[in-house]
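structure for the following, please:
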Amino acid sequence: MNHKILNSNIKLENARVLLLPFGNERYHELKQIIFNDRIWKYMGMSMHTEMDFELYVKNTITDQKKEICYPFLIVDKQSNRIAGSTRFGNLNTTSEKCEIGWTWYGLDFQGTGLNKACKYELLKFGFETIGFRRIQFSADQENLRSQRAIEKLGAQQEGIFRNNYIAPSGESRNDVYYSIIKEDWATIKQTHFSEYIS
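Residues are numbered from 1 along each chain as shown. As a prediction, the model looks like this:
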């Protein structure tokens, strides 16, 4: 497994999407789209003020420095606008696995096909360059939209983690977990992402 590459500036790209390291100077553009309660309903946090934004950025960069995650800015290449953020998270180099998540998009970019293009680049890089054996995904049990998006990637549902996180309201929430493993990837790449294969 080539985990040392996670200490470099990773840039991933196809015809639809560009993924830049989160620390890129364009992160300020997130403020144009981030302040909407609909984005954060199932994210375990809220985003209302400039202070919320600065704390989100600070915590994301801190977690990257601790090698807990590798976060990205998502650029919609059709408009050259910052569309949201995603990351390799829960990095576990010993077990050669991670979770792709903490993904959010501004409302203008939801349902546009951008997510699939983004996840293809992450999965391809994760399996073929880094060498993960397992990549997992999770979504709040009530977030059916995110569950459908994960299922469109070819991921296999594995079960429900009860009381998996606490919402800003103090309520315990359940998550549905999915995975793709390295033995699945070659087939899934052909069956679910053929439009990106040149």
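
how far off centre is the least confident helix or strand in the chain by mean pLDDT?
Least confident helix or strand of the chain, by mean pLDDT, DSSP states H and E, is helix 37-40 with a mean of 94. Offset of helix 37-40 from its chain centre (Cα atoms, centre = their mean, to the nearest Å): 16 Å.

next: stretch 137-145.
Computed by Cα atoms, centre = their mean, the chain-centroid distance of stretch 137-145 equals 13 Å.

could you do stretch 76-92 as well?
In terms of Cα atoms, centre = their mean, the centre of stretch 76-92 is found 7 Å from the chain centre.

my assumption is that residue 52 lies in a helix; please confirm.
Yes. According to DSSP: H, G, I helix; E, B strand; the rest coil, residue 52 belongs to a helix.

mind listing what it touches?
Counting by Cβ atoms under 8 Å, 6 or more residues apart in numbering, residue 52 touches residue 46. No exception for glycine: its C-beta is placed from N, CA and C like everyone else's.

let's have the chain start at 56 instead
I'll keep to 56 as the first residue from here, and by that count the last item is residue 107.

just the CA coordinates for stretch 215-228, please, in PDB.
Output in PDB follows, covering the C-alpha atoms of stretch 215-228 (Å, rounded to 0.1, in the frame of the first residue of the first chain):
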ATOM      1  CA  ILE A 215     -27.000  -0.500  10.300                       C
ATOM      2  CA  PHE A 216     -24.800   1.000  13.000                       C
ATOM      3  CA  ARG A 217     -27.200   2.100  15.800                       C
ATOM      4  CA  ASN A 218     -26.600   5.300  17.800                       C
ATOM      5  CA  ASN A 219     -23.600   5.900  15.500                       C
ATOM      6  CA  TYR A 220     -23.400   9.700  15.900                       C
ATOM      7  CA  ILE A 221     -25.100  12.500  17.800                       C
ATOM      8  CA  ALA A 222     -27.000  15.200  16.000                       C
ATOM      9  CA  PRO A 223     -26.600  18.900  17.000                       C
ATOM     10  CA  SER A 224     -30.000  18.400  18.700                       C
ATOM     11  CA  GLY A 225     -28.500  15.800  21.000                       C
ATOM     12  CA  GLU A 226     -30.400  13.000  19.400                       C
ATOM     13  CA  SER A 227     -28.700   9.700  18.700                       C
ATOM     14  CA  ARG A 228     -28.700   8.800  15.000                       C
END
